[in-house]
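Engineer: I'd like to go over a predicted model; first the sequence, then the structure.
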Amino acid sequence: MENASKALIIAGAIILAILIIGLGMFIYQKAAGAMDTGSIVAAKVDAYNAKFERYKGIITGSDARTLCNTITSHNRATAEDSSQFVNIKLSDATNDTTNGAKATDQAKDFNSKLQTNVISKIRSGYSYKVTFGYEPGSSLIICVGLEKQN
């Protein structure tokens with residue numbers, strides 16, 4: 001009887017130790033997951049920028065029109081979130097860190113008409129250099145510049 005009670009105490013201690021180790025592993029995994037949120041945010045920014053950055057550099061006029069159409073459809077799809085509005089302009093956008101859509105719906109309408117005007121000036125026979133303006137806090141693309149090359 002004495003050996004059976006000691007065996008039960010030892011078995012209980014082993015089960016308790018396994019539970020404590022399991023709890024420790026659970027807490028460690030949660031803490032490690034909390035530390036990885038920065039890489040998740042970076043991955044979201046990379047995914048957001050990827051659809052525009054594939055046009056970076058010198059592109060043809062037809063690719064420039066495709067880029068403009070991509071931006072226009074992106075702006076329509078994200079109309080509810082004005083922080084994701086992407087401007088288009090016919091000059092260098094490297095230092096442009098202003099997002100014209102953060103103002104009002106009138107500004108969005110004006111920028112939409114301006115983008116239509118920019119798209120109409122792109123010609124298929126020319127090459128264009130594509131540059132980007134990034135939002136300072138999040139590194140999201142907020143402006144795309146198209147410079148006609150000679």
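Structural biologist: Structure received.

Engineer: And the strands in the chain, which stretches?
Structural biologist: Shown for the chain, the strands assigned by DSSP state E span residues 57-60, 87-89, 127-134, 141-149.

Engineer: Can you show me the helices along the protein?
Structural biologist: 2-35, 37-53, 61-77, 105-120 (DSSP state H).

Engineer: Reformat the ones you listed as CSV; add mean pLDDT and mean neighbour count.
Structural biologist: Yep, even glycine has a C-beta here, placed from its N, CA and C like the rest. CSV is the format used below for those (pLDDT from 0 to 100; neighbours: other Cβ atoms under 10 Å):
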stretch, mean pLDDT, mean neighbour count
helix 2-35, 88, 10
helix 37-53, 80, 12
helix 61-77, 87, 16
helix 105-120, 65, 14
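
Engineer: okay, the ones you listed in TSV with distance to N95 next?
Structural biologist: Shown next, in TSV, are the helices of the chain (distance: least, Cβ to Cβ, whole Å):
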stretch	distance to N95
helix 2-35	34
helix 37-53	17
helix 61-77	19
helix 105-120	18
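
Engineer: neighbouring contacts of stretch 131-147?
Structural biologist: Outside stretch 131-147, the residues that touch it by Cβ atoms under 8 Å, 6 or more residues apart in numbering are 45, 48-49, 52-53, 56, 64, 67-68, 71, 83-99, 118, 122, 128-130.

Engineer: now the residue nearest the centre of the chain: how far from D81?
Structural biologist: For the chain, V45 is the residue whose C-alpha lies nearest the centre (Cα atoms, centre = their mean; 2.4 Å). Per Cβ to Cβ, to the nearest Å, V45 is found 14 Å from D81.

Engineer: just G137 next, same as before
Structural biologist: 15 Å.

Engineer: same question, F132
Structural biologist: As for F132, its distance to D81 is 19 Å (criterion: Cβ to Cβ).

Engineer: Which one of the two is surrounded by more residues?
Structural biologist: Each of F132 and D81 has its neighbours counted (other Cβ atoms under 10 Å); F132 has more, 20 against 9.

Engineer: quick one: that one from M25, how far?
Structural biologist: On the measure of Cβ to Cβ, F132 and M25 end up 43 Å apart.

Engineer: do the same with A11
Structural biologist: 21 Å.

Engineer: Appreciated, that's everything.
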